[in-house]
Structures are given as C-alpha cells and as structure tokens.
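In: Can you look at this prediction? I've put the sequence above it.
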Amino acid sequence: MEKVIITAAICGAEVTKEQNPAVPYTVEEVVREAKSAYDAGAAIIHLHVREDDGTPTQSKERYKVCMDAIREACPDVIIQPSTGGAVGMTDLERLQPTELHPEMATLDCGSVNFGGDEVFLNSETTIRNFGKILKERGVKPEIEVFDKGMVDLAIRYQKEGYIDKPMHFDFVLGVQMAATARDLAFISSSLPEGSTWTVAGLGRHQFNMAALAIVMGGHVRVGFEDNLYLEKGVLAKSNGEMVEKVVKLANLLGREVATPAEAREILSLKPLEK
Ligand code: KMH
Ligand code: ZN
C-alpha cells in the first residue's frame with residue numbers, strides 16, 4: 001500500500017481559544033502549530049488564518065505572512081490554504097489566498113448546514129468559478145466533500161473541464177454525512193480511477209476515521225479545525241500531538257507515513273525546486 005499522507009488542519013475558522021487555549025491566532029502561534037504538526041509527520045498543512053484577536057480572515061496579506069513564516073520553519077511542507085474561509089464570506093474574499101499560487105487549495109463542492117442558521121454556501125456558479133480560477137492559477141484542488149452527492153458534482157465538473165484529473169478528495173464526515181465505516185466505504189468507492197482521498201472525521205470521530213483510512217489505503221486529516229481532543233475529556237496540547245497519534249496508528253497497522261516529497265509524488269504535484 002502507498003504511504004499515508006497526514007494533513008494537519010491546524011486552525012480552522014470556527015474553533016476558539018475558549019474551547020482549547022492552543023488554537024492558534026497570531027502568526028507566531030500559527031507557525032508553532034504548523035511546526036509541531038510537521039515535526040510529528042504531517043506533510044500538508046491545511047491553513048486558515050485569523051487576526052490576532054481570533055477573527056477569521058482570508059486576507060492575502062495575512063496568508064502571505066503566515067505562509068512565509070511556515071515555510072521558514074518547515075521548508076518543504078505542502079501548504080494548502082482554505083478557499084472556504086468562514087461562513088458568510090464573499091467569493092472574492094475567499095479566493096484571495098489563491099493569488100499567492102499555493103501548491104494546493106480547497107475546493108468545496110456543495111453547500112453545508114453547519115447547525116442553527118449557519119449555512120456554508122457554495123452555489124454551482126461559485127464552485128465552477130473557483131474550479132476555473134484554481135486551474136488558471138496552477139493550484140491543485142483538494143476537493144472537500146461533505147456527502148456523496150458532492151463527489152458526483154465534482155465528477156461532473158471534471159468532465160466539464162473545471163477540475164483536472166487525478167482528483168484528490170477530502171471527505172469531511174460527521175457534519176452532514178455520517179462518520180461511519182459503512183459511509184466511508186461507500187463514498188471512497190465512488191471515486192474515479194486514479195483519484196486519491198483523505199478523511200477528516202469531526203470531533204470524536206477523528207481517530208476512528210483515521211484508523212479506517214489507514215487500513216483502507218486512504219489518507220488522513222487531523223487537527224484543531226476538526227477536533228480539539230486527543231482522547232475523551234483530554235484536550236490536545238498541540239496539533240503535533242494529534243499527528244503523533246496518527247503516526248502511532250499507522251505504525252501499529254503497518255503503513256508508513258509519507259514525507260512531503262512523497263506526498264507530492266502521490267498527489268501528482270510538482271517536486272519542490274531546490
Ligand atoms: N470554515 C468552513 C466554512 C475549507 O476549508 O475549504 C469552510 C471550510 C472548508 O473550512
Ligand atoms: Zn478548512
């Protein structure tokens with residue numbers, strides 16, 4: 001089986017220091033969390049950024065400062081900015097980090113109910129436009145899907161030319177589609193030949209989904225964006241602690257962990273220029 005790529009979603013847009021004091025807001029905190037994840041074995045940093053007071057922002061300037069500082073601390077890591085941002089942001093706001101031509105960025109393939117009145121809106125026009133812009137800017141999408149219908153939509157957009165093959169998917173399970181072995185088996189078996197996938201299990205589902213992905217040949221996303229706890233009742237002290245737990249699981253289950261260079265190869269990204 002190919003090596004497992006670990007993505008660390010170190011920050012998110014919704015979680016707060018009140019929930020876990022280690023959630024990063026400042027540039028220094030973002031770098032500290034990225035480095036803890038990278039040192040533990042993460043090849044990809046899925047990145048949201050905040051103002052110093054915790055307000056989510058998609059500011060190109062803030063992304064640039066954070067990305068430059070992460071590269072300084074973790075020279076070969078793959079940085080994957082969010083184009084989802086936070087609920088309520090405009091498309092133009094959300095697209096700003098792609099102007100920095102990162103290697104990857106997310107492409108959310110549908111709208112999602114986040115509870116109460118919160119709806120993360122992604123119309124077909126938005127998704128097509130984001131796909132087109134990512135392609136023009138040479139950014140590989142991590143196609144974020146929250147249910148199986150979003151996989152079908154991505155396949156349609158690939159056929160229409162908005163997304164290139166091979167496609168890489170991130171199944172975010174436990175928000176809309178259930179985080180169960182049955183649903184992971186169903187959604188992961190619905191992908192076109194040659195696709196790769198990772199799974200982000202929300203909250204208490206995070207490590208169960210990680211273990212399943214390791215066994216099934218998928219890849220794993222962990223981090224504060226999706227889960228704040230290392231185990232029941234124990235807050236994680238860092239993203240690195242969560243990545244370490246995945247590395248232990250992979251070792252136990254007999255799967256090696258991919259370096260950033262190996263992750264680039266698996267995901268058909270260009271190798272880093274020396
Ligand atoms: N924060 C959510 C509204 C992404 O990064 O592309 C969107 C999100 C998905 O986190
Ligand atoms: Zn995100």
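Out: Thanks, I have the structure now. Residues are numbered from 1 along each chain as shown. Ligands and ions are numbered 1, 2, ... in the order given.
In: Now the residue of the stretch 51-200 of the chain found nearest ligand 1: closest residue in space that isn't a chain neighbour?
Out: Residue nearest to ligand 1 within the stretch 51-200 of the chain: G84 (2.6 Å; Cβ to the nearest ligand atom). Yep, even glycine has a C-beta here, placed from its N, CA and C like the rest. Nearest non-adjacent residue to G84, counting by Cβ to Cβ, 6 or more residues apart in numbering: D108, 5.0 Å away.
In: show me the contacts for that neighbour.
Out: 83-84, 120, 122, 127, 130, 144 (Cβ atoms under 8 Å, 6 or more residues apart in numbering).
In: count of neighbours near M104?
Out: Around M104 there are 22 other residues, counting by other Cβ atoms under 10 Å.
In: repeat for V246
Out: Using other Cβ under 10 Å, V246 has 26 other residues around it.
In: Same question for the one 3 residues further on.
Out: One way to gauge burial is a neighbour count; for L249, by other Cβ under 10 Å, it gives 18.
In: And E18, by the same measure?
Out: Close neighbours of E18, defined as other Cβ under 10 Å, add up to 8.
In: Helix or strand: which one has it?
Out: Under DSSP states H and E, no helix or strand contains E18.
In: On the pLDDT front, check the residue nearest to the spatial centre of the chain for me.
Out: In the chain, the centroid-proximal residue (Cα atoms, centre = their mean) is H46; its distance is 4.5 Å. For H46, the model assigns a pLDDT of 98.
In: could you measure E33 against K232, distance?
Out: Distance, E33 to K232, using Cβ to Cβ, to the nearest Å: 22 Å.
In: Name the residue in these two with the higher neighbour count.
Out: More neighbours surround E33 than the other of E33 and K232, with 23 against 6 (other Cβ under 10 Å).
In: looking at it, the more buried one is touching N20, isn't it?
Out: No: between E33 and N20 there is no contact under Cβ atoms under 8 Å: 11.1 Å.
In: Touching both of the two, which residues are there?
Out: Residues touching both E33 and N20 (Cβ under 8 Å, 6+ apart) are F224.
In: how about the residues of this structure that lie near ligand 1?
Out: Proximity of the chain to ligand 1, by Cβ under 6 Å from any ligand atom, involves residues 13-14, 82-84, 86-87, 106, 108, 120, 144.
In: again, only this time at 5 Å
Out: Neighbours of ligand 1 within the chain, by Cβ under 5 Å from any ligand atom: 13, 82, 84, 87, 106, 108, 120, 144.
In: in what helix or strand does the residue nearest to the centre of the chain lie?
Out: Assigned by DSSP H and E, H46 falls within strand 44-47.
In: Given that strand, what are its sheet partners and their directions?
Out: Paired with strand 44-47 in the same sheet, following DSSP bridges, are strand 6-9 (parallel), strand 78-81 (parallel).
In: Could you say which one of those strands comes nearest to G254?
Out: Evaluated over the strands paired with strand 44-47, closeness to G254 peaks at strand 6-9, with 15.9 Å, by Cβ to Cβ.
In: Show residues contacting the closest one.
Out: Strand 6-9 is contacted by residues 33-34, 37-38, 41-46, 48, 80, 170, 198, 200, 219-226, 239, 242-243, 246-247, 257-258 when judged by Cβ under 8 Å, 6+ apart.
In: among these, which are in strands?
Out: Secondary structure of these is defined by DSSP state E; positions in strands are 44-46, 80, 170, 198, 200, 219-222.
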